[in-house]
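Undergrad: My questions are about this predicted structure, shown below with the sequence.
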Amino acid sequence: MAGGGSFIGLPALLYAGIPPVAANATTTLALWPGAVSSAVAYRGDMRSTWRTLVALGAVSLAGGLLGALLLVRTSDTSFLRLLPWLMLTAALTFTVSSRRGAAAAAPPAAAPSQAARYRTMLFVFAIAIYGGYFGGGMGIMMLATLAASGMSDIHEMNGLKSTLGATINGIALAEFILRRVVWWTPGLVMVGGAIVGGYTGASIARRIPRRYIRLFVIAVGWSMTAYFFIRQP
C-alpha cells in the first residue's frame, strides 16, 4: 500500500530465528514478485525511454550483483552491526520522500548533457549496489535520481524505477539462490502474503488516505531503527 515492506519483513524473519544474512536474502525473495508485477504494469509508459532503460538496466545488473556478492561475504555479526545504519538510511529516505511530488509536477527540463547522463548512470550504479546488499528505500532513491536527471513524467519515472528495481532484486536473488542463503519456506509464505496484500491492499488504500498509511510505515521504520540500535551486538 505504501512501500517500506522491508521494515516489517526483515525484522519478522529475524524474530523467527533466521540468521541475519539469510533473512535479508529471503526478504529479497519476498519482495521481488511485487517489483516484477509493478514493472509489467508500467510497461506502456516506457516506450519512449528504451535507450535509457537499456543503459540504466546494464549498470543496475552490475551494481545489484556486486551488492549481492558483498552481502554473501558479510558475516552475520557484521551485518547485524550494519543493520541499524541501513535501517536508518531507509527510514530517512522514506521520511523525506514526500518531496518527490514537487519533482513530478516540475516542467520538463532541457535534454540532459552527456556528462549528466554519465552522472545519472553512476548514481544508479551506487543505488544498485545498495539495493543488492539491502534495498530498503531503494525505489525512492531511484525516483529522486531520475527526477534530478531531468525527467518529469511521474508514470515514466515509476516505470523505470520499478523495472530497475526488479532487475536489481532479480540478479541479487539469483546470486542468493546460487549461494543457498534463501530460506524457502518462510520466503514463499511471504511471497503469498505479498500477492494477497498487493491485491487487497489497493482496495484498502482507497478507503484510507495515503498520507496516514505512509505515516504508519514511517513510524514502523523509525521504531525498528531504534530497536536495532538498542539491540546492536
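TA: Cool, got the structure.
Undergrad: Residue 34: neighbouring residues, count only.
TA: 20 (other CB atoms under 10 Å). C-beta here means a position set from N, CA and C on the backbone, and glycine is covered the same way.
Undergrad: Same check on residue 145?
TA: Residue 145 has 23 nearby residues by other CB under 10 Å.
Undergrad: Just the buried positions in the helix or strand where it lies, please.
TA: According to DSSP states H and E, residue 145 maps onto helix 138-148. Residues 138, 139, 140, 141, 142, 143, 144, 145, 146, 147 are the ones in helix 138-148 that count as buried (16 or more other CB atoms under 10 Å).
Undergrad: Next secondary structure after the least confident helix or strand in the chain by mean pLDDT?
TA: Taking mean pLDDT, DSSP states H and E as the measure, the chain has helix 100-105 as its least confident helix or strand, at a mean of 46. Reading on from helix 100-105 to the C-terminus, the next helix or strand found by DSSP H and E is helix 114-133.
Undergrad: quick check: angle from that following helix to helix 138-148?
TA: Orientation of helix 114-133 against helix 138-148 (axes from the mean of the first three to the mean of the last three CA atoms, to 10 degrees) gives an angle of 180 degrees.
Undergrad: Export helix 114-133 to CSV, keeping only CA atoms.
TA: Output in CSV follows, covering the C-alpha atoms of helix 114-133 (Å, rounded to 0.1, in the frame of the first residue of the first chain):
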residue,chain,number,x,y,z
GLN,A,114,26.4,13.6,-21.9
ALA,A,115,28.1,14.4,-18.6
ALA,A,116,24.7,14.5,-16.8
ARG,A,117,23.8,11.1,-18.3
TYR,A,118,27.0,9.6,-17.0
ARG,A,119,26.3,11.1,-13.6
THR,A,120,22.9,9.5,-13.6
MET,A,121,24.4,6.1,-14.5
LEU,A,122,26.9,6.5,-11.7
PHE,A,123,24.2,7.3,-9.2
VAL,A,124,22.1,4.4,-10.4
PHE,A,125,25.1,2.1,-10.1
ALA,A,126,25.6,3.2,-6.5
ILE,A,127,21.9,2.7,-5.7
ALA,A,128,22.0,-0.7,-7.3
ILE,A,129,24.9,-1.8,-5.1
TYR,A,130,22.9,-0.6,-2.0
GLY,A,131,19.8,-2.4,-3.4
GLY,A,132,21.6,-5.7,-4.0
TYR,A,133,23.0,-5.5,-0.4
